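> Have a look at this prediction, sequence included:
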Amino acid sequence: MKRALTSVVLAPRNVAIAVIGLYRRAVSPLYGDVCRYYPSCSAYGLEAVQEHGLVHGGLLAAWRVCRCHPWAEGGIDDVPARRVQQYRRTRLGFVVAPSHGKG
């Protein structure tokens, strides 16, 4: 029951991850490598949502996009790390509850 509830809670985050992934595959290549920061704004947004959730990660990503402009100095700008990891990432980048071994 708890695992099903966790999946429901993580669903909006995973939908956002899928949308960002679609943007990165379909739209981002059309612009080329124009971001002044590393990682790129879309990679930053993806990691922010994976690490911090839809609301907080979305705000971090929006703030990053606002800082990315032609007069920005740029440079390395990593997503702030969470103190405690609550979830794990799948091979495709989606967020799931940590697996506990049976036994």
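Here it is on my side, so go on.
> CA atoms for contacts and neighbours, from now on please.
Fine.
> low-scoring pLDDT stretches of this structure, where are they?
Regions of the chain meeting the criterion pLDDT under 70 cover residues 1, 100-103.
> That one: strands as residue ranges?
37-38, 75-76, 88-89, 95-96 (DSSP state E).
> So which other helices or strands are in contact with the third one?
So the one you mean is strand 88-89. Contacts defined by 3 or more C-alpha pairs under 8 Å, 6 or more residues apart in numbering; DSSP states H and E place strand 88-89 against strand 95-96.
> for the second one, same thing?
Contact analysis of strand 75-76 by 3+ C-alpha pairs under 8 Å, 6+ apart lists strand 37-38 as its packing neighbours.
> Chain neighbours aside, what residue packs nearest to E47?
Leaving aside its sequence neighbours, E47 sits nearest to V79 (C-alpha to C-alpha, 6 or more residues apart in numbering; 6.9 Å).
> which residues sit in contact with Y87?
V95, V96, A97, P98 (C-alpha atoms under 8 Å, 6 or more residues apart in numbering).
> Buried among the residues you listed? Need that as a selection in PyMOL.
To isolate the buried members of the contacts of Y87 in PyMOL, using 16 or more other C-alpha atoms under 10 Å:
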select buried, resi 95+96+97
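> hang on, the earlier thing: the residue nearest to E47 against Y44, yeah?
Yes - the criterion here is C-alpha atoms under 8 Å, and V79 meets it with Y44 at 6.5 Å.
> From H69, how far off is the spatially most central residue of the chain?
Centroid-nearest residue in the chain, with C-alpha atoms, centre = their mean: L46, separated by 2.3 Å. Distance, L46 to H69, by C-alpha to C-alpha, to the nearest Å: 19 Å.
> Please name the residues that touch the closest residue to N14 other than its chain neighbours.
If the residues on either side of it in the chain are set aside, N14 comes closest to F94, at 5.6 Å by C-alpha to C-alpha, 6+ apart. With contact set as C-alpha under 8 Å, 6+ apart, F94 has these partners: N14, I17, A18, Q50.
> thinking again about what came up before, farthest pair in the contacts of Y87?
Farthest apart among those by C-alpha to C-alpha are V95 and P98. That separation is 9.1 Å.
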